[in-house]
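Q: what shape does this take:
(chains A and B)
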Amino acid sequence: MNRRVRVRFAPSPTGALHIGGVRTALYNYLFARHHGGDFILRIEDTDSQRFVPGAEAYIMESLKWCGITIDEGIQEGGPHAPYRQSERKEIYLKYAQDLVASGNAYYAFDTAEQLDALRKQYEERGETFAYNYAVRTQLETSLKLSADEVKARIERGDVWVIRFKMPENRNVEMDDIIRGHITINTSTLDDKVLYKSADALPTYHLANIVDDHLMEISHVIRGEEWLPSLPLHFLLYEAFGWKDTQPEFAHLPLLLKPQGQGKLSKRDGDKFGFPVFPLLWNSPTGETAMGYREEGYFPGAFINMLALLGWNPGTEQEIFSMQELIDTFSLDKVSKSGARFSHDKAKWFNAQYLKVTPSEELAAIILPMLKEQLGVETTLERATAAVSLIKERATFPKDLVELVRYMFIAPTEYDEKSVAKFWKPENVERLKELRALLAEQPEIKAETETVAHDWVVSHEYSMGQIMNTLRLAVLGVSQGPSIFGIGAFIGKDEMLRRIDVALEKVGK
RNA sequence: GCUCGAUUCGUCUAACGGUUAGGACGAGAGAUUCUCAUUCUCUAAAUAGGAGUUCGAUUCUCCUAUCGAGUACCA
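A: Prediction:
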């Protein structure tokens, strides 16, 4: 088959999109771009009960943040508009009726209460109720009722649904790009509802197949939770006579919880202390959940991490730009088993991305944070200089704020342990000598270290003791990058001043 | 319960019948360093179990176990 690649991401707006959904969108996107095809966003809002305001906008903003661009969608438009199923509701009934006419579906008039009662009855007998070939001619369906009766009921406004007439004892042979050949016997399947008169809306199964057909979708890439309904979908394509243009299917492995069992769910984020959503989510009911963007993840790192969860390039490369992902991605490298999400790995990816982000960009990000959190107002140039000194120690931009703190703010307290370790009388004497030496220098710069080193060596002092005492005096702690690098940043006068303050405050 | 799917170091994974079963995260040790971090080097760590097929199984088949998904007038 040599048709144009067209894929769709078809979420339903029932809440925030979690990272499993983002990954599905990403794989669809990568597949489309790799093959020079189209990526379509279709909103499947056929469940009026579960609709959540804001979810749709959230989905689009998430994809945008991730750098996943949409070719056809509710904002972008396209030849198959509208792309929101609630706006396409008129088109589905006809297809459902066609199926009834061709004998592949039927009307059913059972109420929700009747079905509940039936399920309960079966349960009491230790059986499971299935709406299938065994019961459909006994229940209130167009298979049992006369044509006139059916017509009359519909006309007088009885509530009805159209159900698919699942064949009895037929083996459906299916191929999945990721899972290979699958056979399933239809006797284990039930008669799914395709259309409901109550809200004049199709269910997922009907809307999905009809729209994929109408939108000329070539490949359906979706989560593994859909695998059990694949035979129904195959049969629907057959019943409609669309076998020749039926898309190929690829069912992705699920994303699992980091600990314990089960697939990743929307509530896991707060429990494990990491986000499961790309963006901060404020639900209409007042709950909030943290997002990768707000936690300080770079979109590239987030996408990179997600891409490798269930797919690998077959090489040992781990860092990929979006373009590299597009170039290398292929469905046959997608794994079959569920992947457990690792927060540590996510952080590692972010640190890698932070390291290669220009200092000036990072400085621009933290400039407002410096003001807000430390009360420090400085220039982009100063912040850039400070950032370049410490950026390889950070995982998130927000880490930079703390790391850079002592470059802008003189210490007022001195770490007790370090004082005990380094603030010894002889070290204090050496510090005074070193202060005099530094005072003689025209300026402090990175190379001043050589001057200090030569001085230490000529006096047969201990470099470790002296430098740490100096560091403690200037920073209040015994950590951080090269002390003369910091000295160059804060300047000679400030460095000397800090030494004087320390000598006075810590005493001898 | 039934149906389908999955199973390689703790985690993500490579090896598409023949390797000392490789890499990454994390962990541990060491080196470098004025400290901390980075970086570098090294170490520990896996084919769920059992039968087959084969000269040879991580890889193919079957059984068992475990995990997962589905079993809605939800997607």
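Q: any weak-confidence spans in chain A?
A: By pLDDT under 70, the low-scoring segments of chain A are A:1, A:259-261, A:269-270, A:507-508.
Q: now with 80, please.
A: A:1-2, A:257-273, A:507-508 (pLDDT under 80).
Q: okay, now the domains of it?
A: For chain A, the structural domains run A:86-252, A:358-407, A:410-508, going by automatic domain parsing.
Q: in chain A, which spans are strands?
A: Ranges of strands in chain A, per DSSP state E, are A:6-9, A:38-41, A:105-108, A:161-164, A:171-176, A:180-185, A:193-196, A:201-202, A:219-223, A:248-252, A:255-256, A:281-282, A:288-289, A:339-340.
Q: for the stretch 301-450 of chain A, list the residues in contact with RNA strand B, please.
A: Residues of the stretch 301-450 of chain A found near RNA strand B (Cβ under 7 Å from any atom of the strand) are A:308-310, A:312, A:314, A:316, A:318, A:333, A:335-340, A:342, A:344-345, A:347-348, A:392-393, A:449. All C-beta atoms are positioned from the backbone trio N, CA, C, and that covers glycine.
Q: picking up where we left off before, between the domains of chain A, which one is nearest to A:Gly291?
A: domain A:358-407 (13.2 Å; Cβ to Cβ).
Q: rewinding a little: in ChimeraX, how would I select the buried members of the residues of the stretch 301-450 of chain A next to RNA strand B?
A: Selection of the buried residues among those in ChimeraX, burial being defined by 16 or more other Cβ atoms under 10 Å:
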select /A:308,309,310,338,339,347,393,449
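Q: go through the residues of the stretch 301-450 of chain A next to RNA strand B and flag which are in helices.
A: Judged by DSSP state H, helices contain the following of these: A:Asp344, A:Lys345, A:Lys347, A:Trp348, A:Glu449.
Q: for the domains of chain A, give me JSON lines that also has distance to A:Gly291.
A: Shown next, in JSON lines, are these (distance: least, Cβ to Cβ, whole Å):
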{"stretch": "domain A:86-252", "distance to A:Gly291": "21"}
{"stretch": "domain A:358-407", "distance to A:Gly291": "13"}
{"stretch": "domain A:410-508", "distance to A:Gly291": "31"}
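Q: quick one, which of those gets closest to A:Ala57.
A: That would be domain A:86-252 among these, by Cβ to Cβ, at 15.1 Å.
Q: dump stretch A:486-493 to PDB, restricted to CA.
A: Taking Å, rounded to 0.1, in the frame of the first residue of the first chain, the C-alpha atoms of stretch A:486-493 are listed here in PDB:
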ATOM      1  CA  ILE A 486      33.900  33.900  42.300                       C
ATOM      2  CA  GLY A 487      36.400  36.500  43.300                       C
ATOM      3  CA  ALA A 488      36.700  37.700  39.800                       C
ATOM      4  CA  PHE A 489      32.900  37.900  39.700                       C
ATOM      5  CA  ILE A 490      32.400  39.800  42.900                       C
ATOM      6  CA  GLY A 491      35.500  42.000  42.500                       C
ATOM      7  CA  LYS A 492      38.500  42.700  44.600                       C
ATOM      8  CA  ASP A 493      37.000  45.200  46.900                       C
END
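Q: which parts of that stretch are buried?
A: A:Ile486, A:Gly487, A:Ala488, A:Phe489, A:Ile490, A:Lys492.
Q: stretch A:297-316 now?
A: Under 16+ other Cβ under 10 Å, the buried positions of stretch A:297-316 are A:297-311, A:313.
Q: one more: stretch A:103-123?
A: Quick answer for stretch A:103-123 (16+ other Cβ under 10 Å): A:Asn104, A:Ala105, A:Tyr106, A:Tyr107, A:Ala108, A:Phe109, A:Asp110.
Q: just these that are near RNA strand B?
A: Counting by Cβ under 7 Å from any atom of the strand, A:Ala108, A:Asp110 from these sit close to RNA strand B.
Q: how much space between the nearest residue to A:Ala410 once chain neighbours are set aside and RNA strand B?
A: Nearest residue to A:Ala410, sequence neighbours excluded (Cβ to Cβ, 6 or more residues apart in numbering): A:Arg498, at 5.3 Å. As defined by Cβ to the nearest atom of the strand, to the nearest Å, A:Arg498 lies at a distance of 14 Å from RNA strand B.
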